[in-house]
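Participant: Below: sequence and its predicted model.
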Amino acid sequence: MSAVAEKIKLVILDVDGVLTDGLLYYTAEGEVMKSFQARDGLGLRLLLEHGVEVALITGRTSKLVAARAKELKIKHVYQGRVNKLEALNELMEVLEIDLSEVAFMGDDIIDLPILSRVGLAAAPKNGHPLVMDHVQFVSKYKGGRGAVRELCDLILMAQNKLAPILKNTLEAGALFHEAKSSC
């Protein structure tokens with residue numbers, strides 16, 4: 001798994017059931033609400049800050065997804081794309097990378113066309129059973145509950161980027177503690 005993750009230049013995610021828990025909450029006015037895991041967001045930001053592109057491809061269209069992508073600085077967002085393979089092909093033309101350098105996390109059969117083509121196919125713990133037969137990596141976490149973060153950490157670790165991130169974070173924390181103590 002590490003050898004495959006080491007080559008990843010792009011992580012693509014489905015949204016409902018992967019980046020969210022898959023539950024759709026409706027307000028009395030008919031608006032849809034979704035919840036996103038903050039840890040997943042940090043993992044995606046770390047990928048972006050360390051040279052791995054991130055994209056979203058989802059069959060639904062949502063202002064919430066657009067807002068979350070903007071907040072995380074995800075530039076490649078394909079919404080309302082039931083034919084996810086078509087969106088993948090468009091993205092591959094834009095980024096000019098090989099499918100072997102792509103990781104995709106999906107949770108349902110609509111994701112199989114992409115899962116069967118990328119270098120690293122992944123699913124959350126609660127993905128559909130038919131999907132589980134077509135992935136190399138199954139997170140120990142459910143969608144919207146840390147599955148994306150686990151994939152991010154796997155890639156960062158395989159690319160020898162996670163240890164320096166932790167070291168820098170710990171050093172920054174020590175500096176903050178020293179500055180606070182001297183006040």
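Facilitator: Nice, I can see it.

Participant: Every contact and neighbour count from this point should use C-alpha atoms.
Facilitator: Fine.

Participant: how far is whatever helix or strand residue 41 lives in from where the chain is centred?
Facilitator: Here residue 41 sits within helix 38-49, counting by DSSP states H and E. Centroid separation for helix 38-49 versus its chain: 8 Å, with C-alpha atoms, centre = their mean, to the nearest Å.

Participant: And the next helix or strand past it?
Facilitator: Helix 38-49 is succeeded, C-terminally, by strand 53-57 (DSSP H and E).

Participant: buried sites along the helix or strand that that next one is followed by?
Facilitator: Going down the chain from strand 53-57, the next helix or strand is helix 63-72, by DSSP H and E. Neighbour-count burial for helix 63-72, counted by 16 or more other C-alpha atoms under 10 Å, picks out 65-66, 69.

Participant: and which of the residues you listed is nearest residue 82?
Facilitator: residue 65 (15.7 Å; C-alpha to C-alpha).

Participant: What's the separation between that closest one and residue 127?
Facilitator: Taking C-alpha to C-alpha, to the nearest Å as the measure, residue 65 falls 20 Å from residue 127.

Participant: Just the closest of the buried residues of helix 63-72 to residue 12, please.
Facilitator: Using C-alpha to C-alpha, those come closest to residue 12 at residue 69, 12.3 Å.

Participant: Return the distance of that closest one relative to residue 31.
Facilitator: For residue 69 relative to residue 31 (C-alpha to C-alpha), the value is 19 Å.

Participant: Equivalent analysis for residue 141, please.
Facilitator: 28 Å.

Participant: Those two - which one has more neighbours?
Facilitator: Shown here are residue 141 and residue 31; by other C-alpha atoms under 10 Å, residue 141 has more neighbours (17 against 11).

Participant: ok, residue 167 - how many residues close by?
Facilitator: For residue 167, using other C-alpha under 10 Å, the count is 11.

Participant: and stretch 71-82, how far out from the chain's middle?
Facilitator: 11 Å.

Participant: And that stretch, end to end?
Facilitator: Per C-alpha to C-alpha, stretch 71-82 runs 24 Å from first to last residue.
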